[in-house]
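Peer 1: Quick check, what structure comes out for this input:
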Amino acid sequence: MDDLEKAILISFESGAVDSALQSQAISYCQQIKETPSICSICIEKLWFSKLVQVQFWCLQTLQDVLRVKYGSMSLDEQSYVRTSVFSMACSEVVDNENAVRVVEGPPFVKNKLAQVLVTLIYFEYPLIWSSVFVDFMRHLSKGPVVIDMFCRVLNGLDDELISLDYPRTPEEISVAARVKDAMRQQCVPQIARAWYDIVSLYRNSDPDLSATVLDCMRRFVSWIDIGLVANDAFVPLLFELILSDGLSDDVRGAAAGCVLAMVSKRMDPQAKLPLLQTLQISRVFGLVSEDVDSELVSKISALLTGYAVEVLECHKRLNSEDTKAVSMDLLNEVLPSVFYVMRNCEVDSTFSIVQFLLGYVSTLKGLPALKEKQLLHITQILEVIRIQICYDPMYRNNLNSLDKIGLEEEDRMSEFRKDLFVLLRTVGRVAPEVTQHFIRNSLANAVESSSERNVEEVEAALSLLYSLGESMTEEAMKTGSGCLSELIPMLLTTQFPGHSHRLVALVYLENITRYMKFIQEHSQYIPNVLGAFLDERGLHHQNAHVSRRACYLFMRVVKLLKSKLVPFIDKILQNLQDTLAQLTTMNSASRELSGTEDGSHIFEAIGLIIGLEDVPAEKQSDYLSLLLTPLCQQIENGLVEAKVTSSEEFPVKIANIQFAIMAINALSKGFSERLVTASRPRIGLMFKQTLDVLLRVLIEFPKVEPLRSKVTSFIHRMVDTLGSSVFPYLPKALEQLLADSEPKEMVGFLVLLNQLICKFNSSLLDIMEQVYPVVAGRIFNVIPIDGFPSRPGAVTEEMRELIELQRTLYTFLHVIATHDLSSVFLTAKSRPYLDPMMQLLLNTSCNHKDITVRKACVQIFIRLIKDWCAKPYSEEKVPGFQNFMIEAFATNCCLYSVLDKSFEFNDANTHGLFGEIITAQKVMYERFGNAFLMHLMSKTFPSAHCPQDLAEQYCQKLQGNDIRGLKSYYQSLVENLRLQQNGSHVFR
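Peer 2: Numbering: from 1, shown residues only. Now for the predicted structure:
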């Protein structure tokens, strides 16, 4: 063993070898690689070294050298490598008794030898080495070793160059085309003949070799002449192999792979259909019923599904009645086996069950009526869907408790089911009666079934029913078309097995909610609906996930039934007593299942029922008192306890107060303003008293954000519910909310003020005169007048909050200006903030990246001009305002910002902003008169190098009444100025 061999062995060693020594060995090997005679060194080692590591290293090195240096090698060196490697591959003997046969080495060495040959073919075939394949085939008579090597070379050619399963460079695609064209002309027919002869000869004596040859052939079918394999010799041989019980599954499966390759070959459908006919594929149908876990059944399954896909494609693409009939007959013949595969076997990953079945169902859409066989196929498709959507029983406990595994499985199945439900709804449109009958039978079978899969089967049947509802029209639901009038009563009156399981209980309640349109029209079933929600199937279910979801779904049911539930109020409240008591007394940890389903929806549901005018006034007051009193008591007790509790218990106390506020808020949603202020003021008084209690929360815990946001939400609700009678409570509420508010909290405060202004308009003037200066002082102290930095990474969380605050401020100022409250800006306390406000609005109207914000700021200016400026030459209401608008706004916003090329006239939002800018100029002319025109002519237009005549024409149009003409002219003027400036003038 020389130094190179030692170094190679050390470099390949893993585990107990000194890392420094290994690095030295790798370095030495690399050094040898760089020597000019490396090819000779490698070939010498390949002939005489028995060490497989050395053989592999030499072959890898040869491949690397050929790839990188082939073009710079001498012709003699190329010839030497070619001859030597080819001799090794063909098992030619060297005149030396110590010579080694590399082709008899382990698979990884033989594969690497094949790759070296493929690299030579890449560079040399057919121009330099045109006879490589013909020469190789002369050696096949030497037996299995050379045949195996020949297959490895062909497979390597497919892997490294031809197959499009891997990404290829343009150069590789070009070389592949050159190689394939040459092989088609020169040797493919001989190769095909060799495949046939070898398989015929070795099918029994060497099944592994036969399987190898067949797998090699499968790869080539896609690009060789189909007649070379789909002929009277090959097809009978392949089917004979597939159907031979005595043969190994590898050979039979490989033969099936070849037939699938023929079936899948891209061809004109006119030629493909006769090929599919001649295969007589029905011969293999029986094989899929054997051991479903075997490799052979998997291959036969792939063949049948692939065949079905191609037949369906022919049916779609051929138009004559005869070919349509032939393809449909072939499809009808194979479909039962395909359905069997879908139900019982592992389907090939390249085959999409849903896409195929959607394709088949779409062929049935245009038919006037479905035949008996097609109706049978529809039923089988539905059975495939039902089986596919069933959960695996092994996850039953995980899904019930919804632990991490259960959650992952539910998410996976939810995604997996989407396409299957699309298919179900498509089938439902093509054959509605068959679909509904199938679902009815599935429900009936699931109820009667005593199998271990009971829970999963019931859930699947209920899920089918639920999904079907998505494609039904409102009218069909109301009338109960088809057998829906039988299905819904069956749903409501049947005690389903497995109802204690979370999955079954949830989909059951979802179904009732989905089909409420039917129940609205058939009110005799209302007691059944109430029973389902109020007993252990719903709100009293043992699984907390179900009972919480039931709260939300019950609220949706109540919204739909409303007044029809009045006769049942006592029964509902009686059944809910323990649920309500539990919700108001439980700790926050057991309440936090999900953000949207915390149980507060049940209070909204009750509010919707007892808030109806159909409920007698006396009873209504009693019901409301019964609910509000314990909730208010919970808040008052909570406030006392939270003050003295430990730091560990504090969050729990706060969460309980928070839930009570949410419950009151939800409860109030059922009461209209008219009812609580006009027809039943006693109800209004109860809510006012409740508001008093909740405002105490702000006094006691002004800095606890969750409580603050919930109280704010309730004030929003009371503004809508109590109307103007909420006024006496506003000063105290706003004062508390404004105290020590951070930017994030200020956003919520402004949103509340916006609601108040929109609701009460100028009636809010006195309150706004008190509140606005405080708000303005806070906000203008923290937000920059000239905008925020736009460089990447400059936006921190704090800055995001300020940006959100600024955005809400624009809306706030817009609401003030457009609701006749602009005088608020002019009070003595507000005056210090007038200039910062103007500068902010001006800067925003010119530069803000959001066009809708710029438009809002221009609209604010338009309102301020109208409010603060009478006709020309009258005394100024706001000294300096007119000059600001003419000199700053008209110049910077109305001209410079529009001249900027970022102002895109083709954009719809920008076009809207441009319209507001035109309106602003028109209003400025009406209110400022000649002062505005003179500034335009003497300062504004000249600063933009606008020709005098164009400026004069614009001023004339500004004095006219044609707004559309003014807008059109100004746009053309701006575009002309842009061309004139050609980007040399920076406008701002």
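Peer 1: What is the neighbour count of L503?
Peer 2: Counted with other Cβ atoms under 10 Å, the neighbours of L503 add up to 26. Backbone N, C-alpha and C define where each C-beta goes, glycine included.
Peer 1: list the contacts for it?
Peer 2: When contacts are counted by Cβ atoms under 8 Å, 6 or more residues apart in numbering, L503 touches Y391, L399, N400, V455, E459.
Peer 1: Among those residues, find the lowest-pLDDT one for me.
Peer 2: Within the set of the contacts of L503, pLDDT is lowest for V455 (90).
Peer 1: does that one sit in a helix or strand, and which one?
Peer 2: Assessed by DSSP states H and E, V455 sits inside helix 454-470.
Peer 1: in the stretch 801-950 of the chain, which spans are helices?
Peer 2: With helices called from DSSP state H, counting those that start in this stretch, the stretch 801-950 of the chain shows them at 834-847, 851-868, 881-883, 897-899, 908-928, 930-935, 941-943, 948-959.
Peer 1: Give me the residues contacting the third one.
Peer 2: Under the criterion Cβ under 8 Å, 6+ apart, residues L864, W868, C869, E876, R927, F928, A931 lie in contact with helix 881-883.
Peer 1: Would you mind listing the buried residues in that helix?
Peer 2: For helix 881-883, the neighbour count (16 or more other Cβ atoms under 10 Å) marks F881, Q882 as buried.
Peer 1: Past the worst-scoring helix or strand of the chain on mean pLDDT, which element shows up next along the chain?
Peer 2: In the chain, no helix or strand scores lower on mean pLDDT, DSSP states H and E than helix 588-591, which sits at a mean of 49. From helix 588-591 onward toward the C-terminus, using DSSP H and E, the following helix or strand is helix 601-610.
Peer 1: which other residues reach that next one?
Peer 2: By Cβ under 8 Å, 6+ apart, helix 601-610 touches 539, 551-552, 554-555, 557-559, 562, 565-566, 569, 572-573, 576, 579-580, 583, 615, 620, 623-624, 627, 663-664, 666-671.
Peer 1: how far is that helix from where the chain is centred?
Peer 2: Chain-centre distance of helix 601-610: 34 Å, with Cα atoms, centre = their mean, to the nearest Å.
Peer 1: What of stretch 556-570?
Peer 2: 37 Å.
Peer 1: I would like the residues contacting it, please.
Peer 2: Applying Cβ under 8 Å, 6+ apart, the set of residues contacting stretch 556-570 is 512-513, 516-517, 519-520, 523, 526-527, 529-530, 533, 572, 605, 608-610, 612, 614-615, 619, 623.
Peer 1: follow-up on the earlier one: could you dump the helices of the stretch 801-950 of the chain to TSV with mean pLDDT and distance to L973?
Peer 2: Listed next are the helices of the stretch 801-950 of the chain as TSV, based on pLDDT from 0 to 100; distance: least, Cβ to Cβ, whole Å:
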stretch	mean pLDDT	distance to L973
helix 834-847	94	18
helix 851-868	95	19
helix 881-883	93	24
helix 897-899	93	10
helix 908-928	93	12
helix 930-935	91	15
helix 941-943	91	9
helix 948-959	91	6
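Peer 1: Separate out the buried members of the contacts of helix 881-883.
Peer 2: Among the contacts of helix 881-883, the ones that count as buried by 16+ other Cβ under 10 Å are L864, W868, C869, R927, F928, A931.
Peer 1: Pick the one among those closest to V853.
Peer 2: L864 (16.9 Å; Cβ to Cβ).
Peer 1: Okay, now the unreliable bits of the protein?
Peer 2: Counting by pLDDT under 70, the low-confidence segments of the chain come to 94-96, 292, 349-350, 450-453, 585-598, 787-794, 873-874, 982-988.
Peer 1: Tell me which residue lies nearest the centroid of it.
Peer 2: Closest residue to the average C-alpha location of the chain: E415 at 10.0 Å, with Cα atoms, centre = their mean.
Peer 1: tell me which element it falls in.
Peer 2: helix 404-430.
Peer 1: what's the closest non-adjacent residue to F780?
Peer 2: Once flanking residues are discounted, F780 sits nearest to P836: 4.6 Å by Cβ to Cβ, 6 or more residues apart in numbering.
Peer 1: Dump the strand or helix carrying L753 to CSV, keeping only the CA atoms.
Peer 2: If you go by DSSP H and E, L753 is part of helix 743-760. Extracted in CSV, the C-alpha atoms of helix 743-760 (Å, rounded to 0.1, in the frame of the first residue of the first chain):
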residue,chain,number,x,y,z
PRO,A,743,-49.9,56.9,22.8
LYS,A,744,-51.4,53.4,22.4
GLU,A,745,-54.3,54.3,24.8
MET,A,746,-54.7,57.7,23.2
VAL,A,747,-55.6,55.9,19.9
GLY,A,748,-58.6,54.2,21.6
PHE,A,749,-59.6,57.5,23.2
LEU,A,750,-59.6,59.3,19.8
VAL,A,751,-61.7,56.5,18.3
LEU,A,752,-64.2,57.0,21.1
LEU,A,753,-64.3,60.8,20.4
ASN,A,754,-64.8,60.1,16.7
GLN,A,755,-67.8,58.0,17.5
LEU,A,756,-69.2,60.7,19.9
ILE,A,757,-68.8,63.5,17.3
CYS,A,758,-70.3,61.4,14.5
LYS,A,759,-73.3,60.6,16.8
PHE,A,760,-73.9,64.0,18.4
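Peer 1: ok now the next helix or strand after it, how far from the chain's centre?
Peer 2: Downstream of helix 743-760, the first helix or strand assigned by DSSP H and E is helix 765-782. Centre-to-centre, helix 765-782 and its host chain are 44 Å apart (Cα atoms, centre = their mean).
Peer 1: rewinding a little: could you flag which of the contacts of stretch 556-570 are buried?
Peer 2: The neighbour-count criterion (16+ other Cβ under 10 Å) marks 512-513, 516-517, 519-520, 526, 529-530, 533, 572, 605, 608-610, 612, 615, 623 among these as buried.
Peer 1: Which of the residues you listed fall in helices?
Peer 2: Judged by DSSP state H, helices contain the following of these: 512-513, 516-517, 519-520, 526, 529-530, 533, 572, 605, 608-610, 623.
Peer 1: Of all pairs in the residues you listed, which one is the farthest apart?
Peer 2: Maximum distance among those (Cβ to Cβ): 28.1 Å, for K517 and Y623.
Peer 1: Can you pull the phi/psi pair for Y391?
Peer 2: The phi/psi pair for Y391 (degrees, to the nearest 10) reads phi -70, psi 160.
Peer 1: In this structure it contacts E457, no?
Peer 2: No. Between Y391 and E457 there is no contact under Cβ atoms under 8 Å: 9.7 Å.
Peer 1: who has more neighbours, those two?
Peer 2: With neighbours defined as other Cβ under 10 Å, Y391 and E457 compare such that E457 has more, 25 against 20.
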